[in-house]
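Visitor: Please work out how this folds:
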Amino acid sequence: ADFTVDTLQGCNELIVQTDTTMNSSTGSYTWTVWEIGQTTAYTTVSTTNISTPTFTLTNTSNTVDNLYIIVLTVGDPATGCDSTLVSDTITVFHNPLALFTLSDTALCAPNTITVNSTSITGSNLFYNWTVNPGPTSSTVNTPTDPNTSIDFVDNISGISNFYDITLNIIDNRGCVADTTHTVELWTRPISNFHIDSLQCGPVDITPNNQSQYATGNPDFIWNIITPSTGWTINNINDSVPIISLDENTGPNAIDYIIELTSITNNGCTDIITDTVTVFPTPIVDFTVIDSNGCGPFVVTFNNTSIAQNGEDTSSMNFWWIVEGDTVGYNSTFTHTFDTIIGDTICYDISLIGETQHGCIDSAFMSICVYPDPIAELNLDSIAMYCAPVNLDTLGIVAISHIQAQADNNITWEVWSSDATPTLLATATGLNCPSVPISNQNDYVWIVITATNSCGTDTDSLQFWTSEDPVADFTVDTLQGCNELIVQTDTTMNSS
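Guide: Got it, this is the predicted structure:
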């Protein structure tokens, strides 16, 4: 019996090829493999002729080597003699067992996990970490260390990405092992919205939400990062909430940083911000020297408006409105209010000012124009009466115009008809004074004067007494017999 083997050591599983030499006889061949330390043969192969079997030797341990020997017995059937040869010891190295733990097996993108080798071996190990797919979508930071971290790029595809994490180990005798775990990288949503960025307050605005893959509950969270006051959101979890921004009373513009967080059903988030600028409302105001007067009343309005936000008043637009009609467009304004008759008229004056950003404010004032006085008698003419007569019996009165002047602001004067008129009587109020006229064919002037702060007005009436009639006649006879016929005749003196 004489043979060789092609190897005396190797890693599990070790394949050993036997080969007989030229010295080995013909006959029955019995090959027996023994694991050292065991009482039962590992395997036996018997043939009637020369044979060169191949044996696969194993080692299930990860820490201890296994030792084997191969025994060949060659027998001569004719003589019953045999010969036995034992091989040198064959060593099957223990293979390492690749094991590792992960900090996460499913997580939101982009992210980083740590992996730690817990491999088992009785020798020194060398490590190599790989990720598939990679390296454009993942990075192993220290791939030859037993423990390392792995970075994953962002995922906004709408579906999960899966990565196979593999640990390859080799010991100092060349025995290898590997193991793989799968990591799920959840998609992140895409936050995206548009909003009108330039505003005047107060204002309600609704963003245009164009976000994708927000499948969470809630799926959105709205917030205003700064400032902390001056705003409300009617429902922070609504996809298109109403955002109410208060009026900006100045002096400068306010930037509201609006934040949208989108959320998936795995809790992955994306955050985006946009800015809304609320410009200050201008301070619109004006003054006048006097707001009350008599017509024609010329009023110059002094525009004291302030644009705010560090801007000049000249950058503003203005509208001057009198009783609903726009009558001026400049910063300065002068208007003439006509003379009126009747009651005092108060005109509503409005000034509307608009900044270059479209922010508007207005101011209001009333300008009152007093009426001219009104003197008016109730009669334009009066019939003649026989003397004697008293003026206060003729029904002559002044008409009351209380809106123009008080009744006691009406004065009466009664003048004689002399060549040099004499003031016969005066009075105030609505009633004519008592003036007796004794002569026939006489007249007087009745004059009333109404007075207020805007001036005076007069009205007058002339009154005549009638001339007394003259009776003068003759008769044609003064006596006679019955029947006496008397003929009368008026003379030229008779009225």
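
Visitor: going forward, measure contacts between C-alpha atoms and count neighbours the same way
Guide: Fine.

Visitor: The closest residue to Q17 other than its chain neighbours - how many residues pack around it?
Guide: Ranked by Cα to Cα, 6 or more residues apart in numbering and with sequence neighbours excluded, the top spatial neighbour of Q17 is T54, at 4.5 Å. Look at T54: counted by other Cα atoms under 10 Å, it has 14 neighbours.

Visitor: for T54, what are its contacts?
Guide: 15-18 (Cα atoms under 8 Å, 6 or more residues apart in numbering).

Visitor: show me where the stretch 301-450 of the chain has strands.
Guide: Counting by DSSP state E, counting those that start in this stretch, the stretch 301-450 of the chain has strands at residues 317-322, 325-328, 333-337, 345-354, 360-370, 385-386, 389-390, 410-415, 423-428, 436-437, 443-452.

Visitor: which secondary structure elements does the longest one contact?
Guide: Judged by 3 or more Cα pairs under 8 Å, 6 or more residues apart in numbering; DSSP states H and E, strand 360-370 is in contact with strand 292-294, strand 345-354.

Visitor: Point out the one among those strands that comes closest to P227.
Guide: strand 345-354 (25.5 Å; Cα to Cα).

Visitor: Given the closest one, what are its sheet partners and their directions?
Guide: Paired strands of strand 345-354, with direction, are strand 317-322 (antiparallel), strand 360-370 (antiparallel) (DSSP bridges).

Visitor: Just the mean pLDDT for it, thanks.
Guide: For strand 345-354, mean pLDDT is 97.

Visitor: ok, now stretch 307-326?
Guide: Stretch 307-326 comes out at a mean pLDDT of 97.

Visitor: ok, and what's touching the lowest-mean-pLDDT helix or strand in the chain?
Guide: Every helix and strand of the chain was ranked by mean pLDDT, DSSP states H and E. The lowest is strand 473-475, at a mean of 87. Strand 473-475 has contacts (Cα under 8 Å, 6+ apart) with 486-491, 494.

Visitor: repeat that with 7 Å
Guide: 486-491 (Cα atoms under 7 Å, 6 or more residues apart in numbering).

Visitor: Also stretch 170-178?
Guide: 11, 95-98, 123-127, 166-169.

Visitor: what do you get if the cut-off is 8 Å, keeping everything else the same?
Guide: 11-12, 93-99, 123-127, 166-169.

Visitor: just stretch 63-82 next, same as before
Guide: 1-3, 25-36, 57-59, 83-96, 120-123.

Visitor: before we move on, the earlier item: list buried residues within the contacts of stretch 170-178.
Guide: 11-12, 93-99, 123, 125, 127, 166-169 (16 or more other Cα atoms under 10 Å).

Visitor: Quick check: strands, which of the contacts of T54 are part of them?
Guide: In strands, defined here by DSSP state E, the members of those are 15-18.

Visitor: Just the buried subset of the residues you listed, written out for PyMOL, thanks.
Guide: The buried subset of the ones in strands among the contacts of T54, as determined by 16+ other Cα under 10 Å, is captured in PyMOL by this line:
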select buried, resi 15+16+18
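
Visitor: how about a markdown table for the ones in strands among the contacts of T54, with distance to S157 added?
Guide: Compiled in a markdown table, these are given as follows (distance: Cα to Cα, whole Å):
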| residue | distance to S157 |
| --- | --- |
| I15 | 49 |
| V16 | 53 |
| Q17 | 55 |
| T18 | 59 |
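
Visitor: ok, of the ones in strands among the contacts of T54, which one's closest to I263?
Guide: Using Cα to Cα, those come closest to I263 at I15, 57.1 Å.

Visitor: Surely the closest one touches T56?
Guide: Yes. The criterion here is Cα atoms under 8 Å, and I15 meets it with T56 at 4.4 Å.

Visitor: that older thread, of the buried ones among the contacts of stretch 170-178, closest to Q479?
Guide: Distances from Q479 to those, taken by Cα to Cα, are shortest for T166, at 175.2 Å.

Visitor: Now for the residue lying closest to the closest one once chain neighbours are set aside: which residues touch it?
Guide: Excluding the flanking residues, the one nearest T166 by Cα to Cα, 6+ apart is T180, at 4.2 Å. Contacts for T180 (Cα under 8 Å, 6+ apart) come out as 164-167.

Visitor: Not counting residues beside it along the chain, what's closest to P53?
Guide: Using Cα to Cα, 6+ apart, the nearest residue to P53 is T18, at 5.9 Å.

Visitor: I'd like the distance between the one you found and V92.
Guide: 16 Å (Cα to Cα, to the nearest Å).

Visitor: ditto for W464
Guide: 161 Å.

Visitor: ok, those two, which is more surrounded?
Guide: V92 (23 against 20).

Visitor: Surely that one is in contact with V16?
Guide: No. Contact criterion Cα under 8 Å: V92 and V16 do not qualify, at 10.4 Å.

Visitor: residues shared between the contacts of those two?
Guide: Contacts common to V92 and V16, judged by Cα under 8 Å, 6+ apart, are L57.

Visitor: Quick check: nearest residue in space to P146, chain neighbours excluded?
Guide: Per Cα to Cα, 6+ apart, closest to P146 is S117, 5.3 Å.

Visitor: need the contact list for that neighbour.
Guide: Going by Cα under 8 Å, 6+ apart, S117 touches 98-101, 146-147.

Visitor: what number of residues lie near the residue nearest to S191 when sequence neighbours are not counted?
Guide: Leaving aside its sequence neighbours, S191 sits nearest to S211 (Cα to Cα, 6+ apart; 4.6 Å). A count of nearby residues for S211, using other Cα under 10 Å, gives 18.

Visitor: Would you confirm that S211 contacts N192?
Guide: Yes. Between S211 and N192 a contact is recorded at 4.6 Å, counting by Cα under 8 Å.

Visitor: ok, T456 touching I410?
Guide: No. T456 lies out of contact with I410 (Cα under 8 Å); the separation is 9.7 Å.
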